[in-house]
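>>> my questions concern the predicted model and sequence given below.
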Amino acid sequence: MTTDLDLLGADADRAYTLLASLVTPRPIAWVTTLNQDGSVNAAPFSFFNVFGDDPPLVIFAPGDRENGTPKDTALNCRRSGEFVVNLLDEPLAAAMVATSAPLPYGTSETTAGNIETSPSLSIAPPRITHAPAALECRVHSIQEIGNNRIVLGIVHHLRLHPSLYDPATRRIIQSNFHPIGRMAAPDWYCQTTSRFEIPRPH
């Protein structure tokens, strides 16, 4: 026996809550962009992932506000064509969640939350200084499918905390990277301190 739900019909109003609670854990993109007045917008998105390496491609989905207008991140990406995906670990979790508050357009979450930023190498939006990794991206395209908005970005530069990178192997030191993951909507997250390794067959 199964419970069957029609996500395009009778149960459409539950699609977000159900899918966001099942397809877990999801990585979190803490995206920084520039508002039209030059202030910094920061917002988290867990409909996010990396989707390729040639070119390096990331995708995230900034939705609309409750009144149906695009969120600030979506407006900024369309106008400027640039954004930074900041990856975060547990010490930054509370600050990240705080930036999800619906502030008026042009209000800087980094200023309101006293979140330190640093200049990017190749684009105008800054990175979050204490994020362990930051992906400097330029918008490739923006697609709208129904009420979904998908931003595809090409990663131009990767900024890493030195403790995460082994120059000898040119790999990430997994034991030093502890990102948090998004779990059930609306308020659940997970740690990644408990992990296991299974070698792939040759």
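Sure, I can see it.
>>> the helices in the chain, which residues?
For the chain, helices defined by DSSP state H occupy the ranges 15-22, 72-80, 93-98, 109-112.
>>> how about the nearest residue to the residue nearest the centre of the chain, chain neighbours excluded?
Geometric centre of the chain, nearest residue: Ala29, 1.3 Å, by CA atoms, centre = their mean. Excluding the flanking residues, the one nearest Ala29 by CB to CB, 6 or more residues apart in numbering is Phe48, at 3.9 Å. The C-beta positions use only the backbone N, C-alpha and C, and glycine is treated the same way.
>>> surely that neighbour meets Val23?
No: if you go by CB atoms under 8 Å, Phe48 and Val23 don't touch, sitting 11.8 Å apart.
>>> out of these two, which sits in the busier spot?
Phe48 (22 against 11; other CB atoms under 10 Å).
>>> before we move on, back to that, next up, the contacts around the residue nearest to Ala29.
Phe48 sits next to 26-29, 58-61, 85 when contact means CB atoms under 8 Å, 6 or more residues apart in numbering.
>>> could you list which of those residues belong to strands?
Within the contacts of Phe48, residues falling in strands by DSSP state E are 29, 58-60, 85.
>>> show me how to select, in ChimeraX, the buried members of the residues you listed.
Per 16 or more other CB atoms under 10 Å, the buried members of the ones in strands among the contacts of Phe48 correspond to this ChimeraX selection:
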select :29,58,59,60,85
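>>> quick check, nearest of the ones in strands among the contacts of Phe48 to Asp187?
Nearest to Asp187 among these is Ala29, at 18.2 Å by CB to CB.
>>> the closest one bridge partners, please.
Phe45 (DSSP bridges).
>>> what about Thr69, neighbour count?
Thr69 has 11 nearby residues by other CB under 10 Å.
>>> what's the answer for the one 5 residues further on, then?
Applying the criterion other CB under 10 Å, we find 21 residues in the vicinity of Ala74.
>>> ok, for it, nearest residue in space, not its chain neighbours?
With CB to CB, 6+ apart, the residue lying closest to Ala74 is Pro62, at 4.1 Å.
>>> so the one you found sits against Lys71, correct?
Yes: between Pro62 and Lys71 there is a contact under CB under 8 Å: 4.9 Å.
>>> shared neighbours of those two, anything?
Ala43.
>>> comparing the two, which residue is more hemmed in?
Using other CB under 10 Å, the more surrounded residue of Pro62 and Lys71 is Pro62, with 26 against 18.
>>> and that one, how far from Ala124?
Distance of Pro62 to Ala124, given as CB to CB, to the nearest Å: 18 Å.
>>> now Trp188
Counting by CB to CB, the gap from Trp188 to Ala124 is 34 Å.
>>> what does Thr117 give?
Separation of Thr117 from Ala124 (CB to CB) stands at 12 Å.
>>> tell me which of the two has more neighbours.
When neighbours are counted by other CB under 10 Å, Thr117 and Ala124 differ, and Thr117 comes out ahead with 20 against 15.
>>> beta-bridge partners for the more buried one, please?
Listed beta-bridge partners, Thr117: Ile128 (assigned using DSSP bridges).
>>> many thanks, we can stop here.
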